[in-house]
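Q: When you get a sec, could you give me coordinates for this:
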Amino acid sequence: MKTDTTSPAHDKPFLVLLVAVSLAFAWILWPFYGAVFWATILAILFAPLYVRLANAMRQRCTLAALSTVLIIFFIVILPAALIAGMLLQEGFQVYEKYRSGEWNLGQYFGRMYDALPAWVTTVLDRFQLTTLSEVQERLSAGLSKGVQFVAGQALTVGQNTLDFLVSFFIMLYLMFFLLRDGRMLGQRIRAAVPLRDDLQRSFFRKFADVVRATIKGTIVVAIVQGALGGLMFWFLGIQAPVLWAVVMAFLSLLPAVGTALVWVPVALYLLASGAVWQGVLLIAYGVLVIGLVDNVLRPVLVGKDTKMPDYIVLISTLGGMAIFGLNGFVIGPLIAAMFMAAWDIMAASKTQMR
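A: Next up is the predicted model:
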């Protein structure tokens with residue numbers, strides 16, 4: 001069969017035009033890339049729910065899509081907004097207490113150091129890690145930067161409320177059409193992508209699986225670990241439990257240590273300050289409950305086939321956040337997962353050709 005050199009796919013000037021208008025379209029969408037990204041992610045995640053609702057509503061696709069958007073709003077977006085508001089409020093309270101001197105880090109470090117066994121203090125002395133003033137200065141600087149970042153984000157949202165609301169409604173609007181017309185859009189994309197049908201089916205199926213696995217394997221596990229840690233902090237009367245819950249959720253991406261970077265120092269401080277049963281309870285809860293969530297919950301949500309190595313998740317998350325900001329918390333692991341999926345498909349196709 002001869003190749004049709006007159007088709008647009010083989011017309012070089014047309015290909016240049018296609019790339020140019022595609023880049024121009026991406027440039028136009030860039031101010032709202034976050035809204036487009038999250039609309040796409042949520043539509044992919046909740047597509048099975050939409051299909052079930054459409055079947056139950058006798059293929060009334062518009063009503064099913066609208067119902068799915070409302071469900072997403074009440075179970076995902078609204079709780080996230082409430083948590084973000086509580087986080088900002090507690091962040092400001094922590095910063096004010098630190099700036100006014102109500103929270104004295106040097107006093108906390110002193111209590112913890114005095115409660116350490118003699119052999120631990122000997123080791124710290126050997127490595128010159130007992131200079132509390134230097135440790136306090138570094139941690140104080142880190143705390144100040146962290147709280148100032150939170151305050152800066154809150155100020156930015158407050159100053160750009162209109163832009164935020166516009167992006168929010170764009171996300172909901174686009175998510176509705178992606179749910180309702182997602183199958184048709186997928187068919188048009190597959191028809192335009194210059195890949196064999198079998199590779200297209202493998203890639204797009206892998207893409208949907210990887211999106212769901214990445215979100216569930218990172219976001220859901222992080223939320224559960226952070227929520228469990230924050231709940232125990234609230235039960236023990238530790239101040240700013242929502243703030244520490246969010247910190248633990250982010251740190252859950254770190255292999256092995258993760259949330260322990262938060263609850264272990266707090267438990268040691270409780271033991272050093274005389275709250276023995278609270279410290280013991282926090283240690284037991286951290287080891288037996290928070291620490292086991294990742295090992296128990298992640299395989300159930302993700303499965304073995306799509307699970308990425310912990311070091312890939314960590315590096316891609318940090319790199320994604322460095323480039324895309326908070327959205328990189330998802331974009332980074334997603335790009336890494338798609339990179340691995342594409343190479344898996346390539347390796348499988350080469351194996352079949354042999």
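
Q: which residues in the stretch 151-300 of the chain form helices?
A: For the stretch 151-300 of the chain, the helices defined by DSSP state H, counting those that start in this stretch occupy 161-192, 197-214, 221-235, 241-251, 260-272, 276-285, 291-302.

Q: again but with the stretch 1-150 of the chain, I slipped
A: Going by DSSP H, counting those that start in this stretch, the stretch 1-150 of the chain shows helices at 12-29, 33-45, 47-56, 61-72, 78-100, 105-115, 118-126, 132-159.

Q: Which of these comes out lowest on mean pLDDT?
A: When the helices of the stretch 1-150 of the chain are compared on average pLDDT, helix 132-159 comes out lowest at a mean of 57.

Q: Identify, out of the helices of the stretch 151-300 of the chain, the most deeply packed stretch.
A: helix 241-251 (a mean of 22; mean count of other C-beta atoms under 10 Å). The C-beta positions use only the backbone N, C-alpha and C, and glycine is treated the same way.

Q: Can you give the distance of that helix from its chain's centre?
A: Chain-centre distance of helix 241-251: 12 Å, with C-alpha atoms, centre = their mean, to the nearest Å.

Q: now for that helix, which elements pack on it?
A: Other helices and strands packing on helix 241-251, by 3 or more C-beta pairs under 8 Å, 6 or more residues apart in numbering; DSSP states H and E, are helix 78-100, helix 221-235, helix 260-272.

Q: Only C-alpha atoms, please: export it in PDB.
A: The C-alpha coordinates for helix 241-251 follow below in PDB (Å, rounded to 0.1, in the frame of the first residue of the first chain):
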ATOM      1  CA  PRO A 241      -3.300  19.900  65.200                       C
ATOM      2  CA  VAL A 242      -4.500  20.800  61.700                       C
ATOM      3  CA  LEU A 243      -1.200  22.500  60.900                       C
ATOM      4  CA  TRP A 244       0.800  19.400  62.100                       C
ATOM      5  CA  ALA A 245      -1.600  17.100  60.200                       C
ATOM      6  CA  VAL A 246      -0.800  18.900  56.900                       C
ATOM      7  CA  VAL A 247       2.900  18.800  57.700                       C
ATOM      8  CA  MET A 248       2.700  15.100  58.400                       C
ATOM      9  CA  ALA A 249       0.800  14.600  55.100                       C
ATOM     10  CA  PHE A 250       3.600  16.200  53.100                       C
ATOM     11  CA  LEU A 251       6.300  14.400  55.000                       C
END
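
Q: That one relative to helix 221-235, how many degrees between them?
A: With axes from the mean of the first three to the mean of the last three C-alpha atoms, to 10 degrees applied, the angle from helix 241-251 to helix 221-235 works out at 150 degrees.

Q: export the helices of the stretch 151-300 of the chain to JSON lines and tack on mean pLDDT?
A: Below are these laid out as JSON lines (pLDDT from 0 to 100):
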{"stretch": "helix 161-192", "mean pLDDT": "82"}
{"stretch": "helix 197-214", "mean pLDDT": "73"}
{"stretch": "helix 221-235", "mean pLDDT": "87"}
{"stretch": "helix 241-251", "mean pLDDT": "83"}
{"stretch": "helix 260-272", "mean pLDDT": "81"}
{"stretch": "helix 276-285", "mean pLDDT": "87"}
{"stretch": "helix 291-302", "mean pLDDT": "72"}
